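J.: coordinates only, sequence not included:
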């Protein structure tokens, strides 16, 4: 894992020269599998689209997408656990690469299931109380 | 994408249409009772349409795709489960009408049933929710116009707010319900049309393949945040409907015996809509579409798949959905402030015409405050709405205990709402927006059960009807 982090840092450092755009994440660790990457563009507006690639640092996962020239952010969702490297690669010859790393660490499934069961119990209880309450009220009105 | 001038033209044309219709419906409205509760004489067809159309809002048209994009299958199913709010409010609406035949607002019930402390806590929660919803609707109008046409966010937001304020001013709840009826027809026809076109253009197989390879968690039934979100969204929806004067004022306005049927039918009609609107978000990755913000995914995909004409249809559908909720919320919140603040503290002996006048002024003030809060786009729609979830879910149990169980009395209902809300907010900030309502609801139940178990008093139901009649006179 530490090798992946070192590689990430080297890539980020190497990409800092002659930037036409830079990437930024608001949270470096996300717990719900979705992340918004902000693209901060400098210099004159570009006409061509920008390529963004996202790579898992320890598994064979790679996502490549094309962004509009004016797009200033992109939201990616449904990512599995792991460390990722996002690389922005403008098709313009004058532009350099820029990268940012982030981690996806989902909540513990145990916590999720506890909350799910809690929700289910509360819901069943609520429906039961409304049915019973309604029946009792109806019986009293009939009397 | 449609061009900005066409979008502006459409928005203005619809604004004029609804304002004219509101004026035409409201031209004979003379009394406050007619303005606030449509004469308490709304029949089944209008009742179903207004309940369904009001619940189809930015939640369904923009936030359902957003949450499906973020939470996948569970997001879509969880959103559809918000229909339980309408379905379970059906029996409650009948009980409300029986207990408070002369009532005006949900605040009336809280004050007469639990006393002033609980009433104040409830009002605070109601205003936080009403403002969150109003701001999210205003923001949704701006986001919609901007995504579909590139029109400035502030201009789009201002047009939709101004339109709803003006036609609600003309006709009150009567105009709101009548416009809701037409808007419901537009929404249903539009959503069915969009679903058919999307199903014909994007196959299920490519969507499944793309999601499996690139966004695996969206199809994972054990996706932790999404598992947490499911019941959270159900309780958020329940809290929204159970406490909000939008739904209570309709329960008072519907003819006797209509409320239960109307809310039940509306719930069934509403149920498939988030499935349809959510589904289109799942198609985004296979179309190569990745939105800047998750709440833009619905319009982005629809405009791509449906083309130019489709964008216009989508624009009309979402514009109608937003208007149908905004007007309802303006009217209901104005009633709540008029009845619970103006009449209780400012002018208790106000005449009917003074009440009518103050109701209209409150609508204008609400419109201006909402506009000011919408100016800075402070959060995504989903996050903004779910912040309010911590507040509204705390009201579910106090309302159910209050309506059916006489041993629940006094300030304990207020404490249940207060502690529920605080716990929900802690969950919101420490875990995520997808647990706020669930935590709030659980803590509120705990306090209600303790209070109910140890209560020595019993409430006399007749007091509600008698007292509300005295206040109405």
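T.: On my side now, so go ahead. Remember, it's a predicted structure, so these values are computed and weren't measured experimentally. Residues are numbered from 1 along each chain as shown, chains lettered A, B, ... in the order given.
J.: run through the neighbouring helices and strands of the helix or strand that contains residue B:360.
T.: Under the criterion of DSSP states H and E, residue B:360 resides in helix B:352-374. Applying 3 or more CB pairs under 8 Å, 6 or more residues apart in numbering or on different chains; DSSP states H and E, we find helix B:352-374 packed against helix B:32-37, helix B:116-149, helix B:153-201, helix B:297-337. Using the backbone N, CA and C atoms, a C-beta is placed for each residue, glycine as well.
J.: state the distance from residue B:418 to residue B:15.
T.: 41 Å (CB to CB, to the nearest Å).
J.: ok, residue B:54 next?
T.: Here the criterion is CB to CB. By it, residue B:54 lies 19 Å from residue B:15.
J.: I'd like the next helix or strand past the lowest-mean-pLDDT helix or strand in chain A.
T.: The least trusted helix or strand in chain A, going by mean pLDDT, DSSP states H and E, turns out to be helix A:2-14, with a mean of 48. As assigned by DSSP H and E, the chain's next helix or strand after helix A:2-14 is strand A:21-25.
J.: hmm, back to that, roughly how far is the helix holding residue B:360 from the heart of the chain?
T.: 19 Å (CA atoms, centre = their mean, to the nearest Å).
J.: how far off helix B:297-337 does it point, in degrees?
T.: Using axes from the mean of the first three to the mean of the last three CA atoms, to 10 degrees, the direction of helix B:352-374 lies 150 degrees away from that of helix B:297-337.
J.: so which bits of helix B:352-374 are buried?
T.: B:355-356, B:358-360, B:362-363, B:366-367, B:370-371, B:374 (16 or more other CB atoms under 10 Å in any protein chain shown).
J.: list the contacts of that helix.
T.: Here helix B:352-374 makes contact (CB atoms under 8 Å, 6 or more residues apart in numbering or on different chains) with B:31-33, B:35-36, B:131, B:134-135, B:138-139, B:142, B:157-158, B:161-162, B:164-165, B:168-169, B:172, B:330-331, B:333-335, B:337-338, B:342-343, B:347, B:350.
J.: which residues does residue 111 contact?
T.: No chain in the question, so chain A it is. Shown in contact with residue A:111 (CB under 8 Å, 6+ apart): B:224, B:228, B:431.
J.: the intended chain is chain B.
T.: Applying CB under 8 Å, 6+ apart, the residues near residue B:111 are B:119, B:340, B:344.
J.: from memory the first one sits against residue B:105, does it?
T.: If I follow you right, that is residue B:119. No: using CB atoms under 8 Å, residue B:119 is not in contact with residue B:105; the gap is 10.6 Å.
J.: and for the two, which residues touch both?
T.: With CB under 8 Å, 6+ apart, residue B:119 and residue B:105 have common neighbours residue B:340.
J.: those two - which one has more neighbours?
T.: residue B:105 (26 against 21; other CB atoms under 10 Å in any protein chain shown).
J.: measure the nearest residue to residue B:172 once chain neighbours are set aside to residue B:22 for me?
T.: Nearest non-adjacent residue to residue B:172, counting by CB to CB, 6 or more residues apart in numbering or on different chains: residue B:35, 3.4 Å away. Using CB to CB, residue B:35 is found at 12 Å from residue B:22.
J.: would residue B:438 count as being in a strand?
T.: No: per DSSP: H, G, I helix; E, B strand; the rest coil, residue B:438 lies outside any strand segment and is helix.
J.: now for it: which residues touch it?
T.: By CB under 8 Å, 6+ apart, residue B:438 lies in contact with A:115, A:118-119, A:122, B:228, B:231-232, B:235, B:393, B:427.
J.: what about it, distance to residue B:418?
T.: 18 Å.
J.: got it, and residue B:180?
T.: Taking CB to CB, one finds residue B:180 at 34 Å from residue B:418.
J.: and residue B:147, by the same measure?
T.: 39 Å.
J.: ok, back up a step: ok, the residue nearest to residue B:172 touching residue B:174?
T.: Yes: using CB under 8 Å, residue B:35 is in contact with residue B:174, at 7.4 Å.
J.: looking at those two, which is more packed in?
T.: Neighbours per residue, other CB under 10 Å: of residue B:35 and residue B:174, the larger number sits with residue B:35, 28 against 25.
J.: nearest to chain A: which residue in the stretch 151-300 of chain B?
T.: Nearest to chain A, among the residues of the stretch 151-300 of chain B, is residue B:231, at 2.4 Å (CB to the nearest CB).
J.: got the contact list for that residue?
T.: A:115-116, A:118-120, A:122-123, B:78, B:438.
J.: what about it, which SS state?
T.: Residue B:231 is classified as helix under three-state DSSP.
J.: contacts only, for the residue nearest to residue B:18 when sequence neighbours are not counted.
T.: Of all residues not flanking residue B:18 in the chain, residue B:167 sits nearest, at 5.0 Å (CB to CB, 6+ apart). When contacts are counted by CB under 8 Å, 6+ apart, residue B:167 touches B:18-19, B:21-23, B:175, B:179, B:327.
J.: PyMOL command for the buried members of these?
T.: This is the PyMOL syntax for the buried subset of these, where burial follows 16+ other CB under 10 Å:
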select buried, chain B and resi 18+19+21+22+175+179+327
